[in-house]
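> What follows is a predicted protein model with its sequence.
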Amino acid sequence: EVQLVESGGGLVQPGGSLRLSCAASGFTFSNQWLTWVRQAPGKGLEWVANIKQDGSEKYYVDSVKGRFTISRDNAKNSLYLQMNSLRVEDTSVYYCVLGRIGLDYWGQGTLVTVSS
Amino acid sequence: DVVMTQSPLSLPVTLGQPASISCRSSQSLVYSDGNTYLNWFQQRPGQSPRRLIYKVFNRASGVPDRFSGSGSGTDFTLKISRVEAEDVGVYYCMQGTHWPLTFGGGTKVE
C-alpha cells in the first residue's frame, strides 16, 4: 500500500524558513517523480514543484522560484521542501504527491501558517 | 499559464440521480505524443484529494464505475451516473499537458 506521510509544518513568521519532509513507502521510491501541491485554507489546489527520479530535474511554480527548493533522498525514501523567505500567501496545507502528471497518490498534508 | 474553468461552482445533487461537471481549458490539452493529460480529482470533506480519472477517461484503481470522464481538446466532462452519499465533496480538473500544471477552481457537490 502506498503511503506518503508529510511532516514539518507549523507556524512561522514572514521571512522565516521551514523544511517539510515526506516519508514514502509501498512503492519503489527511486523510480518515481514526486510532486508538492498546496492548498490555501478554503481554496483550491496549486502545483508547487516536482523532482525527477534521480533529482537531476526540478521544476517550480513561478511564485516560489528562488525561495523554495525541492530535494529527495532515495536512500531514505524521503522527499523534502525547503521553504525560505516565507510570505503570508504561502500559508497552505502542503501535500506530497506520487507522480509527475498523473498525481496518483496523495499524503494527508501538513499545514504551514505564515503569520506575525 | 493554461486556465482551467469549471462549471458549475456548486452542484446540488439528489441521491440516485446523475450529475455532470464541466471543465474547459484555455488551450488545447493534446500533447505532442498524442495523449491528452486531463485528470479529475475528488476531495471529500476533511480529506486529501484522490485521483479519480486520468488522461480524460481512464478510471484510477478502486474508483467506482459510476464515475466517467469524457471530452477532447479544450472541453471535458466528469459524470456520475447515480450519485451516492459518499460522493459529496469538491471535484477538481487538472491539466498536465502544459507547464506549469494547473487546476480548475473546483466544483462543490452537495
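Structure's in. What do you need?
> and the most centrally placed residue in chain B, what are its bridge partners?
Taking C-alpha atoms, centre = their mean as the criterion, B:W40 is the residue nearest the geometric centre of chain B, at 3.2 Å. In this entry, B:W40 is beta-bridged to B:I53, B:C93, by DSSP bridges.
> what's the closest non-adjacent residue to A:W47?
B:L101 (4.1 Å; C-beta to C-beta, 6 or more residues apart in numbering or on different chains). (C-beta placed from N, C-alpha, C; glycine too.)
> What distance do you get for the one you found to A:T113?
Distance from B:L101 to A:T113, counting by C-beta to C-beta, to the nearest Å: 25 Å.
> Over to A:Q3?
A:Q3 is 25 Å from A:T113, by C-beta to C-beta.
> likewise B:G71?
Taking C-beta to C-beta, one finds B:G71 at 38 Å from A:T113.
> does B:R51 sit in a helix, a strand or a coil?
strand (DSSP: H, G, I helix; E, B strand; the rest coil).
> I'd like to know how many residues surround it.
By other C-beta atoms under 10 Å in any protein chain shown, the residues close to B:R51 number 23.
> quick one: contacts for whatever residue of chain A ends up closest to chain B?
Residue of chain A nearest chain B, by C-beta to the nearest C-beta: A:I101 (3.3 Å). Shown in contact with A:I101 (C-beta atoms under 8 Å, 6 or more residues apart in numbering or on different chains): B:Y37, B:N39, B:G96, B:L101.
> Among B:L101 and A:T113, which residue is more densely surrounded?
The neighbour comparison of B:L101 against A:T113 (other C-beta under 10 Å) goes to B:L101, with 26 against 16.
> quick check: mean pLDDT across stretch B:46-64?
For stretch B:46-64, mean pLDDT is 96.
> ditto for stretch B:96-109
96.
> buried set for it?
B:G96, B:T97, B:H98, B:P100, B:L101, B:T102, B:F103, B:G104, B:G105, B:G106, B:T107, B:V109 (16 or more other C-beta atoms under 10 Å in any protein chain shown).
> thinking again about what came up before, can you flag which of the contacts of A:I101 belong to strands?
Under the assignment DSSP state E, those contribute B:N39 to strands.
> Identify, from the contacts of A:I101, the entry nearest to B:V83.
Nearest to B:V83 out of the contacts of A:I101 is B:N39 (C-beta to C-beta; 20.7 Å).
> Just give me the neighbour total for A:Y60.
With other C-beta under 10 Å as criterion, A:Y60 counts 19.
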